[in-house]
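Q: the sequence isn't on hand, but the structure is:
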């Protein structure tokens, strides 16, 4: 008959910090309550404790299924395996739930590269099977987080190591691969992906030779229009190591190899990563020079001569850090770069001593200068140095993959702005203002809160700073339905 069945529900708990009247609050792990607010840039790392490995090969992000895929070699069999993780929340509330381990290749492998094809929503792994030639598979992540693995691709051509693997078409049906056939002899091919059957094919007759020198620590990025840019270190017998940038046109079945541009020719460059910003049409290269206890981390900004696809230096090398011995333990994958399509900046991640740090690189279209922001420590708890970096455009945040001393994988959330709220710990709104340590009264589900400028009948979501909005934030947390303009 409309008579209230009970009084409006509320709870009491100890306030952690100051809480304003009518503020949105969440329950902390210790049972106290705290006002929801944004937090400073930083990172939160989680350990996949059941993921034993002998070598990490990388991480890809599935933009359709909103899941990360970690690729690794098992610690006892050398089989290629993967696990799919479902991220939740950002900042201090970040977590990942992991699916079961899946065997991609039930035979020992030696060298492997992985990539994600945005156009077809497929993941590709290419490897050298021990004692044999190049192999590969296409993997599809399903809605429930399970995977469908295509048949193994076999190549008759010789190969001793895979150096680069990258999407090279907008529709996600073409993949660029660069590999070493034998000592100082390198080829590249374009592979074909059939998404309907999850199959991969490579015609050995259409390979293109790159060079006759040793290549090391290659990284790549797709820049559109069927072009892939690759950075690598190389040297010919008896010469010093040099760093190069080179473009490859994958529009036809035979890859067109463009002229090599040497960007560093002194100082023993030995670790690098490269990333393209499509908004400013600029390339950021982050690299380390030196060995032993004498190391310096640099970055450079490059523009592209699109008439001949040749990198042109837009800015001389700039020091990120010269902490010397603190940089000495970087692995082949110790430097990560990712393009943030929402911020429209490139972010880098690297290990310096015991700290993992990310840094923002700002480039401007039509301008040669670039700048690097202040490095932010995202983790100081692990000693791993494998730092793959992927961007989640749905949650508008980045994830990095790192190893740890116990041969497990860590996946972290590197956030620019985030919230202290988790996906499931919002409790309600404060009934009054409270200071730290006071007993706070919180109006919970079924009660009302006093707000302003609401639209009756509309569902509202808690935003990262504790305010209300009509669109879901990350994480998505419902506050309730407006019953008037103020409640």
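A: Cool, the structure landed. None of these values were measured; they are calculated from a predicted model. Numbers count the residues shown, from 1 in each chain.
Q: how much space is there between the closest residue in space to residue 251 that isn't next to it in sequence and residue 15?
A: Using CB to CB, 6 or more residues apart in numbering and skipping residues adjacent in sequence, the residue nearest residue 251 is residue 226, 4.1 Å away. Any C-beta I mention is one placed from the backbone N, CA and C, and that applies to glycine too. According to CB to CB, to the nearest Å, residue 226 and residue 15 sit 58 Å apart.
Q: who has more neighbours out of those two?
A: The residue with more neighbours, out of residue 226 and residue 15, is residue 15; 23 against 19, by other CB atoms under 10 Å.
Q: beta partners of that one?
A: With DSSP bridges as the criterion, residue 15 is bridged to residue 33.
Q: returning to that earlier point: hmm, residue 169 and the residue nearest to residue 251 touching each other?
A: Yes - assessed by CB atoms under 8 Å, residue 226 is found in contact with residue 169 at 5.9 Å.
Q: show the contacting residues for the residue positioned nearest the centre of the chain.
A: When CA atoms, centre = their mean is applied to the chain, the residue found nearest the centroid is residue 390 (1.4 Å). By CB atoms under 8 Å, 6 or more residues apart in numbering, the contact set of residue 390 is 59, 60, 61, 68, 338, 398, 399, 400.
Q: mind putting those into CSV with distance to residue 422, neighbour count and pLDDT?
A: CSV is the format used below for the contacts of residue 390 (distance: CB to CB, whole Å; neighbours: other CB atoms under 10 Å; pLDDT from 0 to 100):
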residue, distance to residue 422, neighbour count, pLDDT
59, 23, 27, 92
60, 25, 24, 95
61, 21, 24, 96
68, 18, 23, 95
338, 24, 24, 94
398, 19, 26, 91
399, 17, 27, 92
400, 20, 25, 88
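Q: below-threshold pLDDT in the stretch 251-400 of the chain: ranges please.
A: Flagging of the stretch 251-400 of the chain using pLDDT under 70 yields the residue ranges 265, 291-294, 314, 324-333, 382-387.
Q: may I have the beta-bridge partners of the nearest residue to the residue nearest to the centre of the chain once chain neighbours are set aside?
A: The shortest distance from residue 390 to any non-neighbouring residue, by CB to CB, 6+ apart, is to residue 61 (4.0 Å). Counting by DSSP bridges, residue 61 is bridged to residue 68.
Q: list the buried ones in stretch 194-214?
A: By 16 or more other CB atoms under 10 Å, the buried positions in stretch 194-214 come out as 195, 198, 199, 200, 202, 207, 208, 210, 211, 213, 214.
Q: ditto for stretch 80-94
A: For stretch 80-94, by 16+ other CB under 10 Å, it's 80-85, 87-94.
Q: residue 31 versus residue 420, what's the distance?
A: From residue 420 to residue 31 the distance is 15 Å (CB to CB).
Q: who's more crowded, these two?
A: residue 420 (20 against 9).
Q: can you pull the pLDDT of that one?
A: We have a pLDDT of 87 for residue 420.
Q: what's the separation between it and residue 94?
A: Separation of residue 420 from residue 94 (CB to CB): 11 Å.
Q: equivalent analysis for residue 283, please.
A: Relative to residue 94, and taking CB to CB, residue 283 is found at 30 Å.
Q: who does the helix or strand hosting residue 110 pair up with?
A: Taking DSSP states H and E as the criterion, residue 110 maps to strand 109-117. Strand 109-117 pairs in its sheet with strand 122-129 (antiparallel), by DSSP bridges.
Q: next SSE downstream of the strand it pairs with?
A: strand 134-141.
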